[in-house]
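**Q** Below are the sequence and a predicted model; questions follow.
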Amino acid sequence: MERIRFRSERRTIPAPSAQSGPDGRVDPACGPPGAARGENALMSESSGAPPKAAGRVTLVDVARHAGVSTAAASKVIRNAAGVSEDMRARVSASIAELSYRPRKSARALRGSTYSVGLVLGDIENPFNALLLEGARSVLDLEGYDVLISPAGVDAAKQQHMADLLMDHDVDGLILVSPRFSEEQLEALASTIPIVVIGRHGPGLNYDTVAGDDARGSELVVDHLVRLGHETIAFVSNLRSDDPPTLPDVLRRRGFEASMTIRDLERSMRIIEAAWSVQGGHDAGSQLLTDTGVTAVHAGSDVVALGLNSTLHSAGFAVPEHLSLVGHDNSPVASLAPFSLTSVDQQGHLMGQHASKMLLERIAGRRAPQDILLEPTLRVRGSTGQARAR
């Protein structure tokens with residue numbers, strides 16, 4: 001199932017089939033539509049990734065063939081200063097022998113810096129590592145450097161960091177869940193190519209790639225209800241000034257809607273806390289005073305880490321006393337002894353798509369694109385049957 005959205009249409013990338021965690025369990029109802037009917041297949045990290053054109057020679061190939069660095073090969077192609085005649089001759093010979101054709105953007109923008117800026121939110125969140133790895137896997141092949149700017153969750157700080165990156169003459173920007181208003185995003189997109197990760201779009205002059213956050217929360221509620229849980233808490237990062245298309249807003253809405261359609265709205269709990277380890281500690285302290293809660297959906301894995309630590313210190317065992325679910329399936333989720341059940345948002349693939357779309361924008365594409373990745377639920381050892389009340 002794949003749809004492409006130009007302005008008014010969206011391309012939806014189906015999620016890979018659900019895959020077991022360290023305990024070997026798979027929840028067949030928590031994958032894409034076909035998974036519930038037993039149509040599971042092994043998950044490939046590159047499944048759904050933007051394919052590399054068969055046989056296309058990249059800048060990395062040229063550099064290896066010439067025996068020089070990618071940066072040196074890039075300088076030759078851009079006719080930049082600081083290149084010896086010997087190096088220029090070797091790279092030129094490799095270009096001819098390999099029939100390398102630079103991207104349209106490289107030919108048109110001889111002043112290109114071959115660098116891209118990545119504005120991140122909280123660097124404490126390990127999910128950002130997946131985004132970065134995915135982005136670099138595409139950009140490295142084209143000889144682009146990535147300048148990383150951690151900016152926190154304050155919109156003014158994020159704008160400042162974007163300005164600093166533009167002062168370094170980056171060719172484009174990837175923004176991760178920016179708190180900008182729509183007007184701010186459009187103004188920025190009018191000055192430099194941008195792609196937004198996490199915001200649901202599309203914009204008029206920029207591209208977006210995100211996971212289906214509301215659907216992810218629905219998968220969590222489905223899983224927990226089938227385990228017998230009814231009094232379920234959600235740790236929300238909702239702030240009054242958050243744009244309505246951000247992941248934290250949509251995850252909370254998805255949770256509330258899923259509980260409501262099951263007539264469980266009176267038994268759901270909403271705990272507002274920062275999406276950080278400390279926020280998880282704070283949420284855990286609140287949960288210790290509510291003995292009726294049997295399961296928690298933490299809005300992100302990093303929150304689940306802090307929450308689990310607080311519960312453990314208080315003598316509460318997961319999942320014997322309380323089932324715990326994260327969101328993002330970040331690298332920490334599968335680490336023993338934590339073994340966290342978590343919503344897989346395909347972070348690596350998000351980064352790949354963002355880089356691919358940004359390169360297309362740098363090359364001159366103007367029509368906005370919006371990619372939505374379908375989530376799956378990775379069931380591990382942190383969820384179990386609801387305890388007797």
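**A** That came in fine, so what should we check first?
**Q** So F234 is in contact with R269, correct?
**A** Yes: between F234 and R269 there is a contact under CB atoms under 8 Å: 7.2 Å. Any C-beta I mention is one placed from the backbone N, CA and C, and that applies to glycine too.
**Q** okay, these two: which has more neighbours?
**A** Neighbours were counted for F234 and for R269 using other CB atoms under 10 Å; F234 has more, 28 against 16.
**Q** Leaving aside the residues adjacent along the chain, what's closest to that one?
**A** Computed as CB to CB, 6 or more residues apart in numbering, the closest residue to F234 that is not its neighbour in sequence is F255, at 4.5 Å.
**Q** secondary structure element for that neighbour?
**A** F255 is located in helix 247-261, with elements delineated by DSSP states H and E.
**Q** Run through the neighbouring helices and strands of that helix.
**A** Helix 247-261 sits against helix 213-226, strand 232-236, with contacts defined as 3 or more CB pairs under 8 Å, 6 or more residues apart in numbering; DSSP states H and E.
**Q** Tell me which of the ones you listed sits nearest to A283.
**A** Of all the helices and strands packed on helix 247-261, strand 232-236 sits nearest to A283, with 4.6 Å by CB to CB.
**Q** Nearest residue to the middle of this protein?
**A** The geometric centre of the chain, computed from its C-alpha atoms, lies nearest to G347 (CA atoms, centre = their mean), at 3.7 Å.
**Q** So that one is in contact with P126, correct?
**A** No: at 9.4 Å, G347 does not count as touching P126 under the criterion of CB under 8 Å.
**Q** joint contacts of the two?
**A** S330 (CB atoms under 8 Å, 6 or more residues apart in numbering).
**Q** Tell me which helix or strand comes right after the lowest-mean-pLDDT helix or strand in the chain.
**A** Lowest mean confidence among the helices and strands of the chain (mean pLDDT, DSSP states H and E): helix 104-108, at a mean of 46. For helix 104-108, the succeeding helix or strand toward the C-terminus, using DSSP H and E, is strand 115-120.
**Q** Which residue, other than its chain neighbours, is closest to P331?
**A** Among residues not flanking P331 along the chain, P126 sits closest, at 5.2 Å (CB to CB, 6+ apart).
**Q** That neighbour contacts D301, correct?
**A** Yes: using CB under 8 Å, P126 is in contact with D301, at 6.8 Å.
**Q** ok, these two, which is more surrounded?
**A** Neighbours per residue, other CB under 10 Å: of P126 and D301, the larger number sits with D301, 25 against 17.
**Q** Now name the helix or strand holding the nearest residue to the more buried one once chain neighbours are set aside.
**A** With sequence-adjacent residues excluded and distances taken as CB to CB, 6+ apart, D301 is closest to G326, at 3.9 Å. Counting by DSSP H and E, the element that carries G326 is strand 323-328.
**Q** shaky segments in this structure?
**A** Applying pLDDT under 70 to the chain picks out residues 1-12, 16-55, 78-81, 102-111, 238-242, 336, 389.
**Q** Show me the strands in it, by range?
**A** 11-13, 115-120, 145-150, 172-176, 194-197, 207-211, 232-236, 269-272, 295-298, 323-328, 341-344, 370-373, 376-378 (DSSP state E).
**Q** Distance to E182 for these - can I get that in TSV?
**A** TSV is the format used below for the strands of the chain (distance: least, CB to CB, whole Å):
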stretch	distance to E182
strand 11-13	21
strand 115-120	17
strand 145-150	22
strand 172-176	13
strand 194-197	11
strand 207-211	12
strand 232-236	22
strand 269-272	24
strand 295-298	28
strand 323-328	25
strand 341-344	26
strand 370-373	14
strand 376-378	30
